[in-house]
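In: Provide a 3D model corresponding to the input given below.
(one chain, ligands or ions: 1)
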Amino acid sequence: MENKRGSWGSDFGFLMAAVGSAIGLGNLWGFPYKMGSNGGFAFLVVYCVLVIVVGFALVLGELALGRKTGFGAVGAYKAMCKKHRWIGLMGVAAGFIILAFYFVLGGMVLRYVAGYFVNILGGDGFVGQGTGFFGYLLYDINSIILYSIIFIVISCAIVMGGIKGGIEKFSKVAMPALAVFLIIVIIYVASQKNAGAGYRFMFKPDWTYFRENFFTVLKTAAGQMLFSLSLGMGCMMTYGSYLPKNAHLQRNATIIPIADTAAALLAGCAVLPAVAAFAGENYGSGPGLLFHTMLQVFGNMNGVMGDLMGFLFFLLIFLAAVTSSISQMEVCNASIIDRRIEKKKAPRRPAITIFFALSAFIIGIPCAMDAMGSGGAAIKAPFEFLGLTAGSPGYQMWNSSWLNLYEFISEGILMPLGALIMSLLIGWVYKTRTVRRECEASGQRFKAGVFFSLCYKIIVPIIIGIVLCTQIIDLII
Ligand code: TRP
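Out: As a prediction, the model looks like this:
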């Protein structure tokens with residue numbers, strides 16, 4: 001019988017798609033600025049520890065549950081136990097919210113690609129704003145929306161192509177290209193004056209910030225780690241469900257976190273030394289960091305060379321963003337497609353893809369309109385709707401802009417909650433042997449069983465539990 005769900009064409013193809021899902025704006029845009037505002041080196045250490053004790057186990061768990069059941073997030077939980085279906089639905093909701101702001105960010109990246117392209121052709125791609133362009137773009141809502149739409153159309157086209165013919169095919173080209181471009185930019189940045197200060201910020205042990213802000217650093221690093229590895233909402237589960245039974249799960253589950261962390265580090269090595277060289281070591285400037293700093297970097301290079309490098313760099317970010325947004329779309333898609341196939345109906349992949357993309361676009365519009373929370377934007381930031389003003393008691397990061405609000409709901413609450421529940425279920429209900437058996441099904445020995453068991457049962461629940469508590473306390477006080 002023809003497999004209507006689709007499957008990966010090769011192990012390499014799967015890896016590129018899964019690594020492509022993991023490596024995205026989270027690594028290239030999020031990681032450098034979060035590291036920049038959270039104490040540099042200490043953040044890096046906490047992040048790496050979390051990848052080891054939380055990330056590996058969760059990636060493996062998701063891949064195993066996905067492949068074992070052969071369904072995406074919703075179907076997989078339902079197959080394990082009928083009553084657990086809602087956990088999958090929660091994941092789909094998280095994916096959907098992420099998609100909403102991801103489209104906007106992807107659109108902004110695409111605007112930069114277009115800007116550099118026009119510059120290369122001899123025009124003025126940054127409408128007279130030069131390196132101050134980011135401040136201008138935030139208020140240029142029409143452009144943001146227009147480019148978001150282009151970004152969405154491209155993502156849809158790939159997802160409609162299916163697993164092997166769309167997602168895998170694109171990722172196999174995009175990911176290696178990304179690695180090459182990133183290294184070129186790093187080498188260039190390294191050759192700049194004062195870049196050294198950026199490396200010192202990244203790698204010189206300094207625990208002062210960490211000691212004073214332990215919980216903030218922990219929860220930011222944990223949220224970032226879950227987001228970056230696409231965990232806690234069934235994304236790896238969905239990708240795992242398209243894997244053949246002979247794929248080596250443990251090997252894949254090891255490669256994905258390593259590649260993702262390496263990419264985050266490389267992104268840090270491109271952006272933070274660039275901040276040192278061109279932006280007066282102002283590492284903590286927040287979400288705009290990538291957008292304004294890199295514009296300065298390339299603006300400082302001679303003429304066409306700078307434009308060419310800028311074009312390549314933002315093109316690379318764009319590729320990474322696309323391979324991630326398609327994975328979020330696929331989580332949503334699979335939840336419906338699985339059900340339709342179960343009911344013996346035609347999958348209707350294109351129609352479902354368009355439905356989700358369009359709805360996410362609409363939900364994302366406020367993110368495109370509030371100028372990331374800066375004053376005087378076309379619409380109010382959420383805190384203003386709630387009657388809070390900056391500095392008032394209930395005012396927090398999460399309600400300072402729509403983007404932050406969406407990030408808070410998805411990355412701050414739903415994903416950790418999903419990760420916590422999955423870990424507890426694997427540890428105590430389905431039992432670690434479910435994962436072990438699935439890994440052994442492909443004929444390999446299950447390694448580090450005690451470690452994984454300990455992770456699922458105790459380590460992950462404790463760490464993610466603390467993170468969630470901190471998050472909720474932040475919400476109420
Ligand atoms: N991991 C991606 C990034 O770092 C984003 C992403 C893709 C994601 N798929 C996901 C995040 C699923 C959460 C869930 O940018």
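In: Nearest residue to P366 in space, please, no chain neighbours.
Out: Nearest non-adjacent residue to P366, counting by Cβ to Cβ, 6 or more residues apart in numbering: W402, 4.2 Å away. For glycine as for every other residue, the C-beta is placed from the backbone atoms N, C-alpha and C.
In: ok, that neighbour to the ligand distance?
Out: W402 sits 18 Å away from the ligand, going by Cβ to the nearest ligand atom, to the nearest Å.
In: list the contacts for that residue?
Out: F101, P366, C367, M369, D370, G373, A381, P382 (Cβ atoms under 8 Å, 6 or more residues apart in numbering).
In: Now do the phi/psi pair for the fourth one.
Out: Per-residue torsions, M369: phi -110, psi -20 (degrees, to the nearest 10).
In: if I read this right, I354 contacts V153, doesn't it?
Out: No. Applying Cβ atoms under 8 Å as the test, I354 and V153 come out as separate, 9.9 Å apart.
In: which of the two has more neighbours?
Out: Relative neighbour count places I354 above the other of I354 and V153, with 15 against 11, counting by other Cβ atoms under 10 Å.
In: residues touching that one, list them.
Out: By Cβ under 8 Å, 6+ apart, the neighbours of I354 are C156.
In: Tell me how far it lies from the ligand.
Out: According to Cβ to the nearest ligand atom, I354 and the ligand sit 19 Å apart.
In: Read off the pLDDT value for that residue.
Out: Here the pLDDT value assigned to I354 is 95.
In: those strands in this structure, which residues are they?
Out: Counting by DSSP state E, the chain has no strands to list.
In: residues near the one residue in the stretch 251-400 of the chain that gets nearest to the ligand, how many?
Out: Of all residues in the stretch 251-400 of the chain, the one sitting closest to the ligand is S324 (3.7 Å; Cβ to the nearest ligand atom). S324 has 27 neighbouring residues, counting by other Cβ under 10 Å.
In: ok so, going back, hmm, which of the contacts of W402 are the buried ones?
Out: In terms of neighbour count (16 or more other Cβ atoms under 10 Å), the buried residues within the contacts of W402 are F101, P366, C367, M369, D370, G373, A381, P382.
In: As CSV, those with distance to W428 would be great.
Out: Below are these laid out as CSV (distance: Cβ to Cβ, whole Å):
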residue, distance to W428
F101, 34
P366, 40
C367, 38
M369, 45
D370, 42
G373, 41
A381, 41
P382, 37
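In: Mind telling me the two of those residues farthest from one another?
Out: F101 and A381 (13.7 Å; Cβ to Cβ).
In: So for the closest residue to the ligand within the stretch 51-200 of the chain, what's the pLDDT?
Out: Proximity of the stretch 51-200 of the chain to the ligand (Cβ to the nearest ligand atom) peaks at I98, 5.1 Å away. With respect to pLDDT, I98 has a value of 96.
In: Give the closest residue to it in space, chain neighbours not counted.
Out: Using Cβ to Cβ, 6+ apart, the closest residue to I98 is S410 (4.9 Å).
In: contacting residues around that neighbour?
Out: Contact analysis of S410 by Cβ under 8 Å, 6+ apart lists A94, I97, I98, M233.
In: wait, what's in contact with the first one?
Out: Residues in contact with A94, defined by Cβ under 8 Å, 6+ apart, are G232, M233, I409, S410, L414, M415, G418.
In: Out of the residues you listed, give me the one that has the most neighbours.
Out: Comparing the contacts of A94 by number of neighbours (other Cβ under 10 Å), M233 comes first, having 33 neighbours.
In: any idea how far that one is from W207?
Out: 32 Å (Cβ to Cβ, to the nearest Å).
In: Likewise for R340?
Out: In terms of Cβ to Cβ, R340 sits 53 Å off from W207.
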